[in-house]
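1. Here is my input, please return the structure:
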Amino acid sequence: MTIAPYAIANNLPYGLVTGFELFSPNSPQLASNLFFTGGQFNNQTVLMAWEHDHIPPTVNALIASYHSNAPSAPDWPDDDYDTIWRVTLDGTGNLTVDNVLCEGINSAALPATPPQF
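-> Numbers count the residues shown, from 1 in each chain. Predicted structure coming up:
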């Protein structure tokens, strides 16, 4: 639901991953495997949206699969609705993680709790 309006507005392909449970303890490793093994996404840019608690563990699983002594990804605070993480794996296996980009959302102006459905 988070990324669908952006994909539609920009005429981008949209896919929903259903191959594993979101709250499974091994979902970060499964997500890393899905996106970064098998070549399905070679030479492509993938825009991924997920509940914020799952991004750092997924990035950590990816980092661990390439670098055994790499530092962990930073935590994502519960009141941060603005951060964009860019994870890049180049053709020679160099992995970079950048989470300093922002959408420009004024998080302080948002309600304290999400809408109840």
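2. use CA for all of it now, contacts and neighbours both
-> Noted.
3. Residue 3 and residue 16 touch, don't they?
-> No - taking contacts as Cα atoms under 8 Å, residue 3 lies outside contact range of residue 16: 10.3 Å.
4. And these two? Which one has more around it.
-> residue 3 (12 against 8; other Cα atoms under 10 Å).
5. In contact with that one, which residues?
-> If a contact means Cα atoms under 8 Å, 6 or more residues apart in numbering, then residue 3 has 48-49 as its contacts.
6. Could you count how many residues lie near residue 21?
-> 11.
7. Read off the pLDDT value for it.
-> Looking at residue 21, its pLDDT stands at 73.
8. cool, and residue 114?
-> 68.
9. How about residue 66?
-> 72.
10. And for it, the neighbour number?
-> Neighbour tally, residue 66, other Cα under 10 Å: 13.
11. Contact partners for it?
-> Residue 66 sits in contact with 93, 95, where contact means Cα under 8 Å, 6+ apart.
12. Tell me which stretches of the chain form helices.
-> In the chain, the helices defined using DSSP state H lie at 4-9, 27-36, 55-66.
13. Show me the one of those helices that comes nearest residue 72.
-> helix 55-66 (5.8 Å; Cα to Cα).
14. ok, residue 106 - contacts?
-> For residue 106, the contact set (Cα under 8 Å, 6+ apart) comprises residue 82.
15. how about a markdown table for the helices of the chain, with distance to residue 90 added?
-> Listed next are the helices of the chain as a markdown table, based on distance: least, Cα to Cα, whole Å:
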| stretch | distance to residue 90 |
| --- | --- |
| helix 4-9 | 24 |
| helix 27-36 | 11 |
| helix 55-66 | 12 |
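16. For residue 80, find the nearest of the ones you listed.
-> Closest of those to residue 80 is helix 55-66, at 12.6 Å (criterion: Cα to Cα).
17. list the buried ones in that closest one?
-> Buried residues in helix 55-66, defined by neighbour count with 16 or more other Cα atoms under 10 Å: 55-64.
18. nearest to residue 86, of the residues you listed?
-> Proximity of these to residue 86 (Cα to Cα) peaks at residue 59, which lies at 9.9 Å.
19. Okay, the nearest residue to that closest one once chain neighbours are set aside and residue 18: tell me how far apart.
-> Nearest residue to residue 59 in three dimensions, chain neighbours excluded: residue 73, at 6.6 Å (Cα to Cα, 6 or more residues apart in numbering). Look at residue 73 and residue 18: by Cα to Cα, to the nearest Å, they are 25 Å apart.
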